[in-house]
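*Asks:* What would the 3D arrangement of this be:
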Amino acid sequence: MKIGFLVHSQSGNTLSIVNRLSDVFKMAGHEVYITHIKSSDVNRSMQFPQELVIIQDNLPNQVDVLFIAGWVQAFSLCRGLQYYLNQFNIKSNEINLFLTHHFPFEWMGGTHALKQLKSITSKFNSQVVDTKIFNWSRKNNQDKIQQWVDYITQKYSK
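*Replies:* This next block holds a predicted model:
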């Protein structure tokens, strides 16, 4: 199975979840492709979301499963990912979305950002099958991440 990841990660938190998933998928024999973008200057990213640096880019035009991951910026979806997705064109049977943010509760920007991400990805004509928000300031964050990674990898190991 071809599994693709499009991730916008500034600090590496969001990317760390992508790496966990991709490592498990690779060990299971799946083909894994990652495109990692970040803002060239996070302090200017609200005004200039188009100023992106592509760290890694090897997503093909079509994958079986696509994961899109980003972070919450000022209670909204990070502007760089919004910009990139509006230029992005890929075919996938299924899409999984996840976001990371600092605050302890999803309603502190995460749910709004996830709605924005769902709206943008609706143009891909693919089914969004799973969504998740990870809160970095919660004490049990690493446990929640591992539970989700286990759930997702089990879902696609069939």
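
*Asks:* If I look at the residue nearest to the spatial centre of the chain, what pLDDT would I see?
*Replies:* Nearest residue to the geometric centre of the chain (Cα atoms, centre = their mean): Ala69, 0.8 Å. According to the prediction, Ala69 has pLDDT 97.

*Asks:* For it, what are phi and psi?
*Replies:* phi -130, psi 140 (degrees, to the nearest 10).

*Asks:* and what of Gly12?
*Replies:* Here is the backbone geometry of Gly12 (degrees, to the nearest 10): phi 100, psi -10.

*Asks:* Kindly report the same for Thr35.
*Replies:* Backbone torsions of Thr35, given as degrees, to the nearest 10, read phi -120, psi 120.

*Asks:* Tell me how many other residues surround it.
*Replies:* 19 (other Cβ atoms under 10 Å). No exception for glycine: its C-beta is placed from N, CA and C like everyone else's.

*Asks:* Run through the residues that contact the spatially closest residue to the residue nearest to the centre of the chain that is not a sequence neighbour.
*Replies:* Excluding the flanking residues, the one nearest Ala69 by Cβ to Cβ, 6 or more residues apart in numbering is Val7, at 4.4 Å. By Cβ atoms under 8 Å, 6 or more residues apart in numbering, the residues touching Val7 are 14-15, 18, 34-37, 67-70.

*Asks:* Apart from its neighbours in sequence, what residue is nearest Phe105?
*Replies:* Asn135 (6.7 Å).

*Asks:* Pro49: neighbour count?
*Replies:* Neighbours of Pro49 (other Cβ under 10 Å): 18.

*Asks:* which residues sit in contact with the closest residue to it other than its chain neighbours?
*Replies:* With Cβ to Cβ, 6+ apart as the criterion, Pro49 has its nearest non-adjacent residue at 3.5 Å, and that residue is Arg79. By Cβ under 8 Å, 6+ apart, the contact set of Arg79 is 39, 45-46, 49, 73.
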